[in-house]
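here's a sequence, model it:
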Amino acid sequence: MTDPSNALLRAPAQILFGAGSLDALPETIAALGSRVFVVVDPFIRSTQLFEAAMSSLADAGLRFEIYSEVVAELPVESVEAAAVVARGFEPQVVLGYGGGSAIDLAKLVALLVRQPSPLSLYYGENLVGSDVTPLVAVPTTAGTGSEATPVAVVSDPTRELKVGISSPYLVPRAAIVDARLSMGAPASVTAHAGIDALVHAIESYTAADWTAPWSTTLPVFVGRNRLSSLLALDAASRIMRNLRTAVASPLDAAARDEMAYGSLLAGMAFGGAGTHLSHALQYPIGALSKTPHGLGTGLLLPYVMEAALPRTIPELAAIAVATGHSGGSDESLARDAIADVRALTRDIGIPPTLAEIGITAEQLPRIAELATTARRLVTNSTLEPSIPVLMSILTAALTGDRSGLSR
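Down below sits the predicted model:
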């Protein structure tokens, strides 16, 4: 085992956070190049703030091309199509502006501008070379944390679940996080993005401890470590205190700011520590149910926490204390943390069971089997990544009966 004091942080070289930080976009981009390929969500393209941002790039003498054909869940053919357009423009910088899909697409375009297709060459971990077009990320939702992570996820029709491309070289060079861009987002978008950010925080905080030896090539997800834990605990506290308000009051500036900050911290935490079982199980569940990613991870999170309770009592107790609980044993506090997450998911409209999103008992064995193929996720849990363990979580999540999970 390695020294428990080990720490790892993968993050942008520059992070600008705060209301008005978008004003620094021209200077941030100009430091990296003058030809900019802009990847933006189609419904964001016509917003006043985006139009003002593009005007500021023009005023700074930057040349840019806007690409807004961002498809949800990123089918691999849409990524390849975007890369063809980008290569024709020959950008020196790629700007990802929007939600997680837009920023993930920008990451993969930045890769394919300089490295050969097909995208399948890079499925998995550490298969991306160092020559990636510099990327600036501007998130408009508080959820994926993609502005700070080494991961992009695509849908491939030849596979039954989403595919991750993970490499430190996919971390954006700069992230500009201005909570004004998320103001007024619909309640469902805020809920699904925000609960996914909470999953990132809690799963990175409860991941298996780092055991990989120092080597020339570390896994992208090394497990829980000192830096990831510091970031994840702060993220979990901020998100749990502010997500209800952000969903119920979409123009609440303070809640939006805290959610943007919490999502950023959670992204930085899981960019090194990684996530685990909620994500591993959601990949096949999302493919089957066609439901949003955050809805699925948020639905699964309380069941995964309950199953891992015996092995994560100190961590879950710390989350409870960080969100205002005190007194009682560590186990009692840990159960408070799980109860708080269950209540939060209910209050923001996350379905409580898999049955409510159309999953059936007959589908569970195949879901468990597919989840085990996401090795970087299932092996990052404190639980044994076996079919029986995954089936126990899935069965509880299907019915809502948690009684046998934490035995």
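
from now on I want contacts and neighbour counts done on CA atoms only, so please keep to that.
OK.

helices of the stretch 201-350 of the chain, residue ranges please.
226-248, 253-273, 277-289, 293-308, 313-322, 330-347 (DSSP state H, counting those that start in this stretch).

and the longest one with helix 253-273, angle?
Computed by axes from the mean of the first three to the mean of the last three CA atoms, to 10 degrees, the angle separating helix 226-248 from helix 253-273 equals 150 degrees.

in helix 226-248, what's buried?
226-229, 231-247 (16 or more other CA atoms under 10 Å).

just checking, what packs against it?
Applying 3 or more CA pairs under 8 Å, 6 or more residues apart in numbering; DSSP states H and E, we find helix 226-248 packed against helix 187-205, helix 253-273, helix 313-322, helix 330-347.

please repeat the previous calculation with a cut-off of 7 Å.
helix 187-205, helix 253-273 (3 or more CA pairs under 7 Å, 6 or more residues apart in numbering; DSSP states H and E).

please apply the same query to the second one.
Packed against helix 253-273, as judged by 3+ CA pairs under 7 Å, 6+ apart, are the following elements: helix 187-205, helix 226-248.

what's the answer for the fifth one, then?
Contacts defined by 3+ CA pairs under 7 Å, 6+ apart place helix 313-322 against helix 330-347.

find the centremost residue of the chain, please.
Thr144 (3.2 Å; CA atoms, centre = their mean).

OK, contacts around it?
Contact analysis of Thr144 by CA atoms under 7 Å, 6 or more residues apart in numbering lists Gly100, Ala193, Asp196, Ala197, Gly267.

switch to 6 Å and redo it
If a contact means CA atoms under 6 Å, 6 or more residues apart in numbering, then Thr144 has Gly100 as its contacts.

just the one 3 residues further on next, same as before
Under the criterion of CA under 6 Å, 6+ apart, the contact list for Glu147 reads Ala137, Ala175.

residue ranges with poor pLDDT in this protein?
The model of the chain has pLDDT under 70 over residues 1-4, 406-407.

can you list the domains in it?
Per automatic domain parsing, the structural domains of the chain span 14-182, 187-399.

Ala7 in helix, strand or coil?
coil (DSSP: H, G, I helix; E, B strand; the rest coil).

all numbers from here: first residue = 44
Okay, using 44 as the starting number, the last item reads as Ala50.

for the helices of the stretch 244-393 of the chain, which one sits closest to Val214?
helix 296-316 (8.8 Å; CA to CA).

mind listing what's buried in the closest one?
So for helix 296-316, counting by 16+ other CA under 10 Å, buried means 296, 298-316.

for it, what is the distance to the chain centroid?
Taking CA atoms, centre = their mean, to the nearest Å, the mean C-alpha location of helix 296-316 is offset from the chain mean by 10 Å.

now stretch 256-263
Averaged C-alpha coordinates place stretch 256-263 at 22 Å from its chain's average position (CA atoms, centre = their mean).

can you give me the buried ones in it?
For stretch 256-263, burial by neighbour count (16+ other CA under 10 Å) applies to Pro262, Val263.

now do stretch 433-449
Going by 16+ other CA under 10 Å, stretch 433-449 has these buried residues: Leu433, Met434, Ser435, Ile436, Leu437, Thr438, Ala439, Ala440, Leu441, Arg445, Leu448.

cool, stretch 384-392 as well?
Buried residues in stretch 384-392, counted by 16+ other CA under 10 Å: Val384, Arg385, Leu387, Thr388, Ile391.

tell me how many other residues crowd Ile430.
16 (other CA atoms under 10 Å).

quick one on the thing from earlier: out of the domains of the chain, which comes closest to Ser48?
Each of these has some distance to Ser48 by CA to CA; the shortest is domain 230-442, at 6.3 Å.

distance between the ends of that closest one?
26 Å (CA to CA, to the nearest Å).

take the helices of the stretch 244-393 of the chain and lay them out in JSON lines including distance to Val128.
JSON lines is the format used below for the helices of the stretch 244-393 of the chain (distance: least, CA to CA, whole Å):
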{"stretch": "helix 269-291", "distance to Val128": "37"}
{"stretch": "helix 296-316", "distance to Val128": "29"}
{"stretch": "helix 320-332", "distance to Val128": "28"}
{"stretch": "helix 336-351", "distance to Val128": "28"}
{"stretch": "helix 356-365", "distance to Val128": "46"}
{"stretch": "helix 373-390", "distance to Val128": "40"}
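
Arg78: which of the ones you listed is closest?
It's helix 296-316; of the helices of the stretch 244-393 of the chain, that one is closest to Arg78 (CA to CA) at 27.0 Å.

which other residues reach the closest one?
Contacts to helix 296-316, defined as CA under 6 Å, 6+ apart, come from residues 52-53, 185-186, 188, 191-193, 222, 240, 243-244, 247, 264-267, 271, 274-275, 278, 281-282, 285, 289.

contacts only, for Arg78.
Listed by CA under 6 Å, 6+ apart, the contact partners of Arg78 are Arg106, Phe107, Pro134, Gln135.

any figure for the gap between the last one and Ile219?
Distance check for Gln135 against Ile219: by CA to CA, it reads 18 Å.

who has more neighbours out of these two?
Ile219 (24 against 19).

tell me if I am right that Ala195 is in a strand.
Yes. Under three-state DSSP, Ala195 falls within a strand.

you'd agree it is up against Ile208?
Yes. Ala195 lies in contact with Ile208 (CA atoms under 6 Å); the separation is 5.3 Å.
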